[in-house]
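Asks: The sequence and its predicted three-dimensional model are supplied below.
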Amino acid sequence: MTHADVVNAMRDPGFYPHPVPSVEVVQTHVSSVFLTGDYVYKLKKPVDFGFLDFTTLELRGRFCHKEVELNRRLAPSLYLGVEPICLADDQPALGGDGEVVDWVVVMHQLDQELLGPRVLEAGKLTEEKIDAVVDLLVPFYHRAATGPGVDEYGTMEVVKFNTDENFQQTAANVGTALSRTRYEDIMAFTNAFYRERQELFRRRIAQGRIRECHGDLHLGNIFFDDPPVIFDCIEFNERFRCSDVAVDLAFLVMDLDFRDRPGLARRVVDRYVERSGDEELRELMDFYACYRAYVRGKIACLTAADPALDQEARAGQLALARRYFRLAHRYTGGDGEAGP
């Protein structure tokens, strides 16, 4: 039973134990997501990107359960649980007592018009809505795990490992997704920050600013309900989830900049500083926003390499990567002009 066999079965409305008028499938670089009307089913792809490994049934099952556990911190009513995909008469079926061939995360399906990008496109993303998200995050970070087992992810050495990994994993994309000049400028900016701000990294740890965060805080992972629902945190890699709170917030800041809403990006920072008293966070924003934009560029490159995508989709992902790398360069003080 291949991954493609399971995906094809899940495209069929008759696969599900409840009425499904139609199935909408959303593909990411790591998951296939099936929207059925009342429920969402998330199937992990058997991929290994180094920083993420879903290649075995055991790993996919483990990380499905971890995803539900972690996401219930911010979205307790959204995540319903994990269900096995089992064989029934040699065909994949949801649940049952046959051989388990895969696992899916099951969620309530919320109104897709409340998703951040759609709210923004509709012209309804206001400062008040941004404030509501930040006001949810301040106590979340305060409660989140910190100390031994978490603090080490905020050390300069670990953060540098992450950025070095990004540069290594995108070296083959130089000349197509980003120019040699931009690649070297971003590396130089990043490494200069490490040299010049070593004490800042140490101080952030001492102040308790390193927390088990969300890890993937962008508009596409926020439903602007009342109150907002923040979902789809990083479950597969503690190194990406545990960080300075500034890393988490920088993702949302970068995403708003990417979508040409710099005023709302500033509002995120201003509101957080006002509510938390963390004035020093401002000193980290350009550095971590650059990091976040670069990661998104890398992910678009990885997605573009997916053989399941057609030529048009691959070209679209490559164009997206170029935009993210341009934004990363802009945070360094670069020009941000068009071109790779």
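Replies: Nice, thanks for sending it over.

Asks: How is this protein partitioned into domains?
Replies: Domain assignment for the chain by automatic domain parsing gives 3-109, 116-331.

Asks: Quick check: end-to-end length of the longest one?
Replies: Using Cα to Cα, to the nearest Å, the end-to-end distance of domain 116-331 comes out at 23 Å.

Asks: returning to that earlier point: need the winner for burial among the domains of the chain.
Replies: Each of the domains of the chain was scored by mean neighbour count; the highest is domain 116-331, a mean of 18, by mean count of other Cβ atoms under 10 Å. Bear in mind the C-beta positions are built from the backbone N, C-alpha and C, glycine included.

Asks: follow-up on the earlier one: using CSV, lay out the domains of the chain together with mean pLDDT and distance to Pro340.
Replies: Listed next are these as CSV, based on pLDDT from 0 to 100; distance: least, Cβ to Cβ, whole Å:
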stretch, mean pLDDT, distance to Pro340
domain 3-109, 95, 20
domain 116-331, 96, 5
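
Asks: what are the ranges of the strands in this structure?
Replies: Ranges of strands within the chain are 24-27, 31-35, 39-44, 79-88, 91-94, 100-108, 210-212, 222-223, 229-230, 242-244, based on DSSP state E.

Asks: Between those, which one is closest to Gly147.
Replies: Proximity to Gly147 (Cβ to Cβ) singles out strand 210-212 among the strands of the chain, at 8.6 Å.

Asks: just to revisit the earlier point, tell me which of the strands of the chain sits nearest to Thr303.
Replies: Between Thr303 and the strands of the chain, the shortest gap by Cβ to Cβ is with strand 24-27, which sits at 8.5 Å.

Asks: What pairs with the closest one, parallel or antiparallel?
Replies: Paired neighbours of strand 24-27 in the sheet (DSSP bridges): strand 31-35 (antiparallel).

Asks: can you pull the contacts of the nearest residue to Asp12 once chain neighbours are set aside?
Replies: Residue nearest to Asp12 in three dimensions, not counting chain neighbours: Val23, with 7.3 Å by Cβ to Cβ, 6 or more residues apart in numbering. Contacts for Val23 (Cβ atoms under 8 Å, 6 or more residues apart in numbering) come out as 10-13, 34-36.

Asks: quick one on the thing from earlier: got the strands of the chain as TSV, with distance to Ala319 columns?
Replies: Below are those laid out as TSV (distance: least, Cβ to Cβ, whole Å):
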stretch	distance to Ala319
strand 24-27	17
strand 31-35	22
strand 39-44	26
strand 79-88	33
strand 91-94	35
strand 100-108	30
strand 210-212	34
strand 222-223	24
strand 229-230	28
strand 242-244	29
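
Asks: which pair in the contacts of Val23 spans the largest distance?
Replies: Asp12 and Leu35 (14.0 Å).

Asks: quick one, phi/psi of the most centrally placed residue in the chain?
Replies: For the chain, the residue whose C-alpha lies nearest the mean C-alpha position (Cα atoms, centre = their mean) is Asp216; its distance is 3.0 Å. The phi and psi values for Asp216, taken as degrees, to the nearest 10, are phi -140, psi 50.

Asks: Isn't it up against Asp232?
Replies: Yes: assessed by Cβ atoms under 8 Å, Asp216 is found in contact with Asp232 at 6.0 Å.

Asks: ok so, going back, closest to Pro307 out of the contacts of Val23?
Replies: Of the contacts of Val23, the one sitting nearest to Pro307 (Cβ to Cβ) turns out to be Arg11, at 18.5 Å.

Asks: Who are the contact partners of the closest one?
Replies: Counting by Cβ under 8 Å, 6+ apart, Arg11 has contacts 23, 25, 34.
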